[in-house]
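Peer 1: My questions concern the predicted model and sequence given below.
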Amino acid sequence: MANYVLEILDGDRAGEVLAVANAPIRIGRKPSNDLVIADEKTSGVHAEVVAEGDRHVLRDLGSTNGTFLDGKRVSEIVLTPGDEVTIGRVRVRFREAGAAAPVDAGDLTLRRLDTGRASRRGGIGLMAGVLVLALGGAGWFWWQGQQQQQQSNDGPRQRAPLVVADNKLAGAVAACEGEDGWVLRAAGGGFQTTTAAHTGAGAFQAQRDGAADAASFAVLRLADAVSVFANRTLTVAAHLRASGGASVAVRAVAFASNEAVPFRFCTGTALASPADWQRHEVVVPIPVGCDRLLVEVIAVLPSADALACVDDVAVTESGQGAPLEAKLPESSQTALGSGAAFAVRSTDADNPATLLAVRPGVVPEPLRGLDEAGATVLSDLGATLACTAGERSFELVAKGVDSLRFVFPADAAGGLLCRRGDAGFASTSADVAFTADEVLLGDRGTRALLRLGGAVACTGKLGSGRYELTVATDKVELVLGFRAERQRANEMLLRARADDRDGRYGKALDGLRELATQAPMDSELLGQAGVLRATILQRQADAVAQFQRDLDEAMFFRTRGGFERVLAGVDELGAVYGADNLEDKAAIERLRASAESRLQALDAEHAGAQRARLTALAEALAGGRQEGLATLVKDYVARHLPAPPTAPGGGAGSDTPR
């Protein structure tokens with residue numbers, strides 16, 4: 001069996017060889033390997049060469065950047081003498097020991113020959129042939145050097161477009177050689193083509209124009225989504241460059257081709273400002289339910305000098321990681337996520353989303369335009385979001401941001417309630433700033449409670465079919481199961497119904513108020529409680545309307561009994577319902593005051609007539625010289641029928657109402 005070696009072809013160690021024996025040879029960056037390659041693109045234990053009978057097999061050991069033969073990524077190959085494999089950025093040749101190594105590009109050193117073999121093959125003639133080839137190669141390299149010198153004088157030398165093995169993007173699209181396959185002006189100021197490329201003849205760049213109202217950001221997006229499979233892991237990479245204060249990031253957006261599924265999981269690299277071309281990548285585990293993936297590049301352009309560039313984009317099925325999929329035992333709702341992206345799927349087929357996304361609550365000033373366009377995500381700031389599932393809630397803890405913005409479907413704001421301190425829940429407007437310890441929103445299968453861990457400033461914004469709630473905290477408990485609260489609310493509702501049947505309307509309303517302020521988590525029970533409350537209050541309103549009719553009738557017929565019935569009825573209404581449960585307390589008080597004043601006026605009118613008669617009688621008795629009787633009548637009038645007080649202005653008050 002022939003003897004073989006592995007020869008390093010690149011770097012400071014070019015020309016070094018390692019004998020290939022029967023024992024496996026490990027290749028990688030770690031010092032413990034048999035062949036150590038100190039290159040950042042080489043994995044710690046990258047590959048191995050093992051002998052199998054009379055052949056040698058090279059195996060990739062799950063390296064991050066792969067092993068390549070003739071530009072194609074390989075996982076396992078049978079080596080043939082002369083094969084050159086690329087490990088990281090270093091080429092290694094497999095050849096027979098003692099065989100003349102071919103002259104390598106950029107290396108004019110004459111390789112040492114096996115003199116024994118040379119003498120057996122003709123000695124001097126063979127040596128002369130090799131010398132001629134070497135001198136010819138030297139001449140060729142001199143000419144290449146001259147050409148490179150000429151190119152350096154004329155302008156930058158163009159590199160061939162970068163080809164990434166198993167790239168899911170078509171070659172021209174991946175190389176960014178033209179607009180085909182891309183939406184350059186997806187949002188903001190947009191990108192444009194440029195010849196200042198990383199490799200190949202083209203790339204894309206974003207630059208803010210000089211207008212005062214020019215957009216401070218730009219978004220580039222893949223025109224057609226890539227088909228992917230759920231629970232697979234992809235790596236999305238691009239070469240980026242920025243200057244003039246610009247920052248740039250590459251993103252991956254996973255979603256479902258079924259338009260009825262509203263989730264879009266957007267995660268990417270943190271915004272960065274690499275002065276020279278650098279490769280940036282994001283590992284994307286594809287969440288359950290997603291089968292499409294879009295690539296985005298965002299650029300933040302704070303000034304007219306800002307410039308951001310992108311080239312050589314790749315989407316490969318590689319990397320390690322699993323998407324988030326956690327189901328709550330109590331509510332059966334499921335948290336889904338990829339990287340820093342997060343959403344909650346409900347159990348309601350008609351309303352599949354409880355929570356659409358979580359975004360940064362507050363962003364730095366340069367990102368303000370991007371944020372106002374609804375285009376910021378947690379990964380832009382390098383933030384992460386950890387999710388811990390409990391029996392009935394998810395605990396969310398963010399790192400890298402101080403506030404969070406929860407994005408719900410617009411319908412979630414319909415029954416918005418908040419709790420402050422020890423007080424119960426109270427309704428609040430969706431588009432206002434408020435402070436709360438807890439916020440309750442959603443309906444039935446999408447009911448959700450945000451526990452904020454104390455009094456936290458909150459801001460709501462409703463629009464574009466969404467409700468965004470920003471909370472000034474980086475830690476939130478998202479409660480989705482309400483079994484205990486539902487049981488408590490049901491007991492309150494049953495007691496209120498019993499009180500209503502027994503005529504204890506005030507007690508029934510008190511119980512319904514307690515349900516609405518202390519246990520409103522079950523929106524169906526809350527709705528039933530609302531119907532019962534409306535029924536009781538309608539009964540109250542009907543009674544008030546009847547009292548008004550009785551008052552009108554008493555005023556028409558001027559009957560004392562009518563006014564007295566109204567007064568008695570109003571007082572009984574307050575006793576049955578309770579002062580706190582009178583729906584239109586002001587109107588009821590006006591009704592009582594009107595009945596009371598009319599009764600007083602009627603009494604005053606009767607008293608005036610009687611006083612006039614008795615006064616006339618007293619005068620007649622006095623004229624008939626019956627002074628004793630006249631005095632008795634006058635005393636009665638003074639004690640029981642006194643004259644009304646003098647009206648303001650000095651005039652006497654009237655006995656009859658005006």
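Peer 2: That came through fine. The structure displayed is predicted, hence computed values, not measured ones.
Peer 1: OK, contacts around the residue nearest to Ala448 when sequence neighbours are not counted?
Peer 2: The spatially closest residue to Ala448, leaving aside those adjacent along the chain, is Gly442, at 4.7 Å (C-beta to C-beta, 6 or more residues apart in numbering). (C-beta placed from N, C-alpha, C; glycine too.) By C-beta atoms under 8 Å, 6 or more residues apart in numbering, the residues touching Gly442 are 354, 408, 411-412, 415, 448, 523.
Peer 1: mind listing which of those are in strands?
Peer 2: 354, 408, 448 (DSSP state E).
Peer 1: Kindly reformat those as a markdown table containing distance to Glu365.
Peer 2: Formatted as a markdown table, these follow (distance: C-beta to C-beta, whole Å):
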| residue | distance to Glu365 |
| --- | --- |
| Thr354 | 32 |
| Phe408 | 27 |
| Ala448 | 32 |
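Peer 1: got any ranges where the stretch 401-550 of the chain has weak pLDDT?
Peer 2: The model of the stretch 401-550 of the chain has no residue with pLDDT under 70.
Peer 1: Oops, could you answer that again for the stretch 101-250 of the chain instead?
Peer 2: The stretch 101-250 of the chain contains residues with pLDDT under 70 at 101-158.
Peer 1: quick one: average pLDDT of the helix of greatest length in the chain?
Peer 2: Determined from DSSP state H, the single longest helix within the chain is helix 585-623. The pLDDT scores in helix 585-623 average 88.
Peer 1: Next, the buried residues of that helix.
Peer 2: Going by neighbour count (16 or more other C-beta atoms under 10 Å), the buried part of helix 585-623 is 588, 591-592, 594-595, 598-599, 601-602, 604, 607-608, 611, 614, 618, 621.
Peer 1: Work out the gap between it and the centre of the chain.
Peer 2: 73 Å (C-alpha atoms, centre = their mean, to the nearest Å).
Peer 1: Can you name the element that comes right after that helix?
Peer 2: helix 627-640 (DSSP states H and E).
Peer 1: Pull the residues that contact that following helix.
Peer 2: Helix 627-640 is contacted by residues 611, 614-615, 617-619, 621-622 when judged by C-beta under 8 Å, 6+ apart.
Peer 1: which residues of the protein fall in helices?
Peer 2: Per DSSP H, the chain carries helices over the ranges 115-120, 124-154, 171-174, 368-372, 483-501, 505-518, 523-557, 560-577, 585-623, 627-640.
Peer 1: quick one, the longest one and helix 627-640 angle?
Peer 2: This points to helix 585-623. Here the directions of helix 585-623 and helix 627-640 differ by 170 degrees (axes from the mean of the first three to the mean of the last three C-alpha atoms, to 10 degrees).
Peer 1: same deal with the fifth one?
Peer 2: Angle between the axes of helix 483-501 and helix 627-640 is 160 degrees (criterion: the same axes, to 10 degrees).
Peer 1: Tell me the helices and strands packed up against helix 483-501.
Peer 2: helix 505-518, helix 523-557 (3 or more C-beta pairs under 8 Å, 6 or more residues apart in numbering; DSSP states H and E).
Peer 1: hey, which of those helices is tucked in deepest?
Peer 2: Stretch with highest mean neighbour count among the helices and strands packed on helix 483-501: helix 505-518 (a mean of 20; mean count of other C-beta atoms under 10 Å).
Peer 1: and that helix, how far from the chain's centre?
Peer 2: Worked out by C-alpha atoms, centre = their mean, helix 505-518 lies 36 Å from the chain centre.
Peer 1: who are the neighbours in contact with the spatially most central residue of the chain?
Peer 2: In the chain, the residue lying closest to the centroid (C-alpha atoms, centre = their mean) is Val358, at 1.8 Å. Residues near Val358 by C-beta under 8 Å, 6+ apart: 341-342, 378, 385, 396, 398, 404-407.
Peer 1: you'd agree Arg345 is up against Gly337?
Peer 2: No - counting by C-beta atoms under 8 Å, Arg345 stays clear of Gly337, with 11.0 Å between them.
Peer 1: quick revisit: closest one of the ones in strands among the contacts of Gly442 to Arg264?
Peer 2: Phe408 (14.5 Å; C-beta to C-beta).
Peer 1: related to what we said a few turns ago, could you give the angle of the longest helix of the chain to helix 523-557?
Peer 2: Angle, helix 585-623 to helix 523-557, by the same axes, to 10 degrees: 20 degrees.
Peer 1: Which neighbouring elements make contact with helix 585-623?
Peer 2: Checked by 3+ C-beta pairs under 8 Å, 6+ apart, helix 585-623 has helix 523-557, helix 560-577, helix 627-640 packed alongside it.
Peer 1: okay, those helices in a markdown table with distance to Ala484 next?
Peer 2: Formatted as a markdown table, these follow (distance: least, C-beta to C-beta, whole Å):
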| stretch | distance to Ala484 |
| --- | --- |
| helix 523-557 | 13 |
| helix 560-577 | 31 |
| helix 627-640 | 67 |
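Peer 1: about what we covered before: just curious, which of the contacts of helix 627-640 is nearest to Glu553?
Peer 2: Among those, and counting by C-beta to C-beta, the member closest to Glu553 is Arg611, at 28.4 Å.
Peer 1: looking at it, that closest one is touching Leu641, isn't it?
Peer 2: Yes - Arg611 lies in contact with Leu641 (C-beta under 8 Å); the separation is 4.1 Å.
Peer 1: tell me the residue furthest from the middle of this structure?
Peer 2: Outermost residue of the chain (C-alpha atoms, centre = their mean): Arg625, 103.6 Å.
Peer 1: What residues does Pro352 make contact with?
Peer 2: 260-262, 345-346.
Peer 1: Looking at the residues you listed, which are in strands?
Peer 2: Arg345.
Peer 1: Per-residue pLDDT of Arg89, please?
Peer 2: On the pLDDT scale, Arg89 is placed at 89.
Peer 1: distance of it from Gly82?
Peer 2: 21 Å (C-beta to C-beta, to the nearest Å).
Peer 1: what do you get for Arg232?
Peer 2: Arg232 is 36 Å from Gly82, by C-beta to C-beta.
Peer 1: More neighbours: those two, which one.
Peer 2: In this view Arg232 and Gly82 are compared by other C-beta atoms under 10 Å, and Arg232 has more residues nearby, 15 against 12.
Peer 1: Spit out the contact partners of the more buried one.
Peer 2: 285-286, 317.
Peer 1: can the residues you listed go into a markdown table with extra columns for neighbour count and distance to Phe434?
Peer 2: Formatted as a markdown table, the contacts of Arg232 follow (neighbours: other C-beta atoms under 10 Å; distance: C-beta to C-beta, whole Å):
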| residue | neighbour count | distance to Phe434 |
| --- | --- | --- |
| Pro285 | 23 | 37 |
| Ile286 | 23 | 38 |
| Glu317 | 13 | 47 |
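Peer 1: quick one: least confident of these?
Peer 2: Lowest pLDDT among those: Glu317, with 93.
Peer 1: pretty sure that one is in contact with Thr233, am I right?
Peer 2: Yes - checked against C-beta under 8 Å, the pair Glu317 and Thr233 is within contact range at 7.2 Å.
Peer 1: Pairing partners for the closest residue to Ser427 other than its chain neighbours in the sheet, please.
Peer 2: Computed as C-beta to C-beta, 6+ apart, the closest residue to Ser427 that is not its neighbour in sequence is Leu417, at 5.7 Å. Counting by DSSP bridges, Leu417 forms beta bridges with Ser427, Leu440.
Peer 1: Now do Leu417 against Asp437, distance only.
Peer 2: In terms of C-beta to C-beta, Leu417 sits 12 Å off from Asp437.
Peer 1: More neighbours: which of those two?
Peer 2: The neighbour count for Leu417 versus Asp437, taken as other C-beta under 10 Å, is higher for Leu417 (20 against 17).
Peer 1: Spit out the contact partners of that one.
Peer 2: 425-428, 439-441, 520.
Peer 1: Thr64 - nearest residue in space that isn't next to it in sequence?
Peer 2: Of all residues not flanking Thr64 in the chain, Ser43 sits nearest, at 5.3 Å (C-beta to C-beta, 6+ apart).
Peer 1: gap between that neighbour and Ala238?
Peer 2: Taken as C-beta to C-beta, the span from Ser43 to Ala238 is 21 Å.
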